[in-house]
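S.K.: give me coordinates for this.
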Amino acid sequence: MEEPEGPRPANRFTPPVIDRWGVEDLRAYIAELREEIERVEREIAKRDASKAAADLFFRKPQG
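M.R.: Numbering: from 1, shown residues only. Reported below is the predicted structural model:
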């Protein structure tokens, strides 16, 4: 899912009202949230790896 470019909204997450959801709906919602967390963690790992590679490449020689 591609996000439109531009400034991020101030509040990126608005929790839905779940008072009337059934147990299966709640479990499905948890699964969706876990998938999103995993997606964000993969993005963080990708960025950390890119930064580490750049740091190695641009590291000043010691001595």
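S.K.: how much space separates the residue nearest the centre of the chain from Gly6?
M.R.: Within the chain, the residue whose C-alpha comes closest to the C-alpha centroid is Val40; the distance, by Cα atoms, centre = their mean, is 2.0 Å. Here the criterion is Cβ to Cβ, to the nearest Å. By it, Val40 lies 19 Å from Gly6. Every residue, glycine included, has its C-beta placed from N, CA and C.
S.K.: what about the residue nearest to the centre of the chain, which SS state?
M.R.: For Val40, the secondary structure call by DSSP: H, G, I helix; E, B strand; the rest coil comes out as helix.
S.K.: what average pLDDT does stretch 19-35 get?
M.R.: The average pLDDT within stretch 19-35 is 98.
S.K.: which residues does it contact?
M.R.: With Cβ atoms under 8 Å, 6 or more residues apart in numbering as the contact definition, stretch 19-35 has outside contacts at 16, 18.
S.K.: ok, and for it, which residues are buried?
M.R.: Applying a neighbour-count criterion of 16 or more other Cβ atoms under 10 Å, stretch 19-35 contains no buried positions.
S.K.: what of stretch 8-15?
M.R.: Residues of stretch 8-15 include none that count as buried (16+ other Cβ under 10 Å).
S.K.: how about the CA coordinates for it, as PDB?
M.R.: Provided in PDB are the C-alpha atoms of stretch 8-15 (Å, rounded to 0.1, in the frame of the first residue of the first chain):
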ATOM      1  CA  ARG A   8       2.400  13.300   7.600                       C
ATOM      2  CA  PRO A   9      -0.800  14.000   9.500                       C
ATOM      3  CA  ALA A  10      -0.300  15.100  13.100                       C
ATOM      4  CA  ASN A  11      -2.200  12.100  14.400                       C
ATOM      5  CA  ARG A  12      -1.300   9.100  12.300                       C
ATOM      6  CA  PHE A  13      -3.600   6.600  14.100                       C
ATOM      7  CA  THR A  14      -7.200   7.000  15.200                       C
ATOM      8  CA  PRO A  15      -8.400   4.000  17.100                       C
END
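S.K.: chain center to that stretch, what's the gap?
M.R.: Once both centres are worked out by Cα atoms, centre = their mean, to the nearest Å, stretch 8-15 turns out to sit 13 Å from its chain's centre.
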